[in-house]
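In: please work out how this folds:
(one chain, ligands or ions: 1)
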Amino acid sequence: MSTTHEAGWAHATGALRGPSWLREPVDPNALVPQLWSATARKVDGELEVGGVRLADLAAEHMTPAYVLDEADLRGRAVAFRDAFAGWDVYYAAKAFWCTAVARWMAEDGLHVDCCSPGELTVALRGGVDPARIEYHGNNKTVPELRRVVAAGVGRVVVDSLTEVGRVAAVARDLGVVQGVMVRVTPGVEAHTHEYIATAHEDQKFGLSITTGAALEAVRRVHAEDSLALRGLHSHIGSQIFDASGFEVAARRVLALHARVRDELGVEMPELDLGGGFGIAYTTQDDPATPESLAADLGRIVDAELRALGLARPRLSIEPGRAIAGPATCTLYTVGTVKPVTLDAGAVRTYVSVDGGMSDNVRTALYDADYSCTLAARASDAPPVLARVVGKHCEAGDVVVKDEFLPADVAPGDLLAVPATGAYCRSMASNYNHSLRPPVVAVRDGVARVVVRRETEDDLLATDVGNHAPAPTPGTALGTAHDGGDQ
Ligand SMILES: *Cc1c(COP(=O)(O)O)cnc(C)c1O
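Out: Numbers count the residues shown, from 1 in each chain. Model (predicted):
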């Protein structure tokens, strides 16, 4: 939640202590364990993840690079699966997706939530059973639905009255009965940033319970021979720490579930409570464990079911960030260090790295907080308040707004930013024609590229003009991104 004034954090005022939650570290070399993946550690100032020294990884794979701790990601997936035994756990693919992760989800017994044809393709290529896929989206086209239904996706989550008829026609045409969930907006304002709060009424997702649109959608799905009504779906937002949002949502959604029983005589077999479980980006955040989430959500749902005299439907959740987010850190090389004197005379140290908003847009988009550490050396220098910025042509191109780094941070230093596994690579762009970084999975001392770095050939592949003869001989451009001054 932003507490800054209209002009935002880019306009610093007063003395330079950073935000109130940021404490000056006793040792700026030390890792804050709760922000890092399970196998991350520092050995003599050198950061290791999955038994791989990140300095070695940088030498081989260059920077910027996403470093994915495989054991950590799979451990979180399995922790959710086991804590929510008897529920279905859908991994929300949009957090981070590639065929390696799809295979892990299939092997580890998770279900998958997709919301685009591309995500579906990756799921199927990775061997995910289509029956275990739930398909989302507020504007699924007819060709898209044809693919989804033909692929045998277990559940389509309908998001509008228009879509009910659309998916019914597609299923009828293909001669199948399609399982359908109805996404409702339970009218909950989750305690999170506005752009990622999705269950209050004034937004594009879901069908309103209060206006009766949700009940009408349920009626229409129930009336279609080519659709099988599975249940209601509610997703109240993202980066949520507080079970009270789920409590209010569950109460409202289950009231509708009971109303459907009373009015249509159907007890829907399923109920999906969505995802949005928060993770620790900085020391401000104190996320719940899967075990405590399972206990809280189970208690909340069971109390409501008892009060309404309902049997327990098959329950499901859709964590994305909480599985992928903490597993990955981004490794950058420092290019310049610039002390900037502010109006009040205080000095802010701008540390420029070789990536930025193209590999992590969350700071610019959501005003997100991150932390970072030097990855290849220890330092005895005192801590200095730094701002880590990217190399793009935007003043708002900030990766880490405020962090204490050793005052001798210098060009050539490696810098690692934890908790970049969700909504960083998946939201990465080619802004400034930059090349999206690779994802390197590390495990038991071995580094394995699961998504390679883009090349300039990748960039130019879609540039039709490039395939015409060049008017004048150009200078040769290397395709490797060396992380230097280009
Ligand atoms: C984004 C999304 C999720 C996952 O959210 P996280 O915050 O990554 O857990 C789950 N369900 C739906 C419908 C979503 O849109």
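In: which stretches of this structure have low pLDDT?
Out: Applying pLDDT under 70 to the chain picks out residues 1-15, 191-199, 470-486.
In: what residues does it have near the ligand?
Out: Residues of the chain found near the ligand (CB under 6 Å from any ligand atom) are 92, 94-95, 113, 136, 235, 238, 274-277, 318-322, 422. (Each C-beta comes from the backbone N, C-alpha and C, glycine too.)
In: the residues you listed in strands, which ones?
Out: Judged by DSSP state E, these include Ala92, Asp113 as members of strands.
In: counting by contacts, list what the strand ranked longest in the chain packs against.
Out: The single longest strand within the chain, with elements called by DSSP E, is strand 328-341. The helices and strands touching strand 328-341, judged by 3 or more CB pairs under 8 Å, 6 or more residues apart in numbering; DSSP states H and E, are helix 54-61, strand 65-69, strand 347-353, strand 414-417.
In: quick one, which of the ones you listed is packed in tightest?
Out: Greatest average neighbour count among the helices and strands packed on strand 328-341 goes to strand 65-69 (a mean of 28), per mean count of other CB atoms under 10 Å.
In: so it versus strand 328-341, what angle?
Out: Interaxial angle, strand 65-69 versus strand 328-341 (axes from the mean of the first three to the mean of the last three CA atoms, to 10 degrees): 140 degrees.
In: any idea how far strand 65-69 is from the chain center?
Out: With CA atoms, centre = their mean, to the nearest Å as the basis, strand 65-69 stands 14 Å off its chain's centre.
In: one more: stretch 454-462?
Out: 25 Å.
In: is it true that Val389 touches Asp402?
Out: No - counting by CB atoms under 8 Å, Val389 does not reach Asp402; the two are 11.9 Å apart.
In: of all the helices and strands packed on strand 328-341, which one is nearest Asp286?
Out: Checking these against Asp286 by CB to CB gives strand 414-417 as the closest, at 19.7 Å.
In: could you export that closest one as CSV, CA atoms only?
Out: Extracted as CSV, the C-alpha positions of strand 414-417 are listed here (Å, rounded to 0.1, in the frame of the first residue of the first chain):
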residue,chain,number,x,y,z
LEU,A,414,26.9,-8.3,-8.8
LEU,A,415,23.6,-7.4,-7.2
ALA,A,416,20.8,-9.9,-6.4
VAL,A,417,17.1,-9.0,-5.9
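In: coming back round to it: could I get the buried residue list for the longest strand of the chain?
Out: By neighbour count with 16 or more other CB atoms under 10 Å, strand 328-341 contains the buried residues Thr328, Cys329, Thr330, Leu331, Tyr332, Thr333, Val334, Gly335, Val337.
In: the third one pairs with what?
Out: Legend: beta-bridge partners of Thr330 under DSSP bridges are Tyr66, Val417.
In: same check on the last one?
Out: The bridge-partner assignment for Val337, based on DSSP bridges, gives Val351.
In: ok, it to the ligand distance?
Out: Distance of Val337 to the ligand, computed by CB to the nearest ligand atom, to the nearest Å: 34 Å.
In: correct me if wrong: that residue contacts Arg348.
Out: No - assessed by CB under 8 Å, Val337 is found out of contact with Arg348, at 11.3 Å.
In: what is the nearest of the buried residues of strand 328-341 to Arg147?
Out: Comparing the buried residues of strand 328-341 against Arg147 with CB to CB picks out Thr328 as the nearest, at 29.5 Å.
In: that closest one and Met427: what is the separation?
Out: In this view, Thr328 and Met427 are 13 Å apart by CB to CB, to the nearest Å.
In: can you check Gly396 too?
Out: From Gly396 across to Met427, the span is 15 Å (CB to CB).
In: again with Val337
Out: Computed with CB to CB, the distance linking Val337 and Met427 is 27 Å.
In: isn't there a strand covering Val301?
Out: No - according to DSSP: H, G, I helix; E, B strand; the rest coil, Val301 belongs to no strand; its state is helix.
In: if I look at it, how far off is His222?
Out: Distance, Val301 to His222, using CB to CB: 23 Å.
In: so between these two, which is more surrounded?
Out: Shown here are Val301 and His222; by other CB atoms under 10 Å, Val301 has more neighbours (23 against 17).
In: so the more buried one touches Leu254, yeah?
Out: Yes - with contact defined as CB under 8 Å, Val301 and Leu254 form a contacting pair (7.2 Å).
In: anything in contact with each of the two?
Out: Both Val301 and Leu254 are contacted by Leu271, under the criterion CB atoms under 8 Å, 6 or more residues apart in numbering.
In: all strands of the stretch 151-300 of the chain, in order?
Out: Assigned strands in the stretch 151-300 of the chain, in chain order: 155-158, 178-185, 207-208, 227-233, 270-272 (criterion: DSSP state E, counting those that start in this stretch).
In: looking at these, which is buried most?
Out: Counting by mean count of other CB under 10 Å, strand 155-158 has the highest mean neighbour count of the strands of the stretch 151-300 of the chain, with a mean of 28.
In: for that strand, packing partners?
Out: strand 133-135, helix 142-150, helix 161-174, strand 178-185.
In: what residues sit buried inside the second one?
Out: Think helix 142-150. Buried residues in helix 142-150, counted by 16+ other CB under 10 Å: Glu144, Leu145, Arg146, Arg147, Val148, Val149.
In: the closest residue to the second one other than its chain neighbours: neighbour count?
Out: In this case it means Leu145. When the adjacent residues along the chain are set aside, Leu145 lies closest to Val170, with 4.6 Å between them (CB to CB, 6 or more residues apart in numbering). For Val170, the count of nearby residues is 23 (other CB under 10 Å).
In: what residues sit buried inside the longest helix seen in the chain?
Out: Secondary structure of the chain read by DSSP state H shows that its longest helix is helix 243-264. Neighbour-count burial for helix 243-264 flags 243, 245-254, 256-258, 260-261 (criterion: 16+ other CB under 10 Å).
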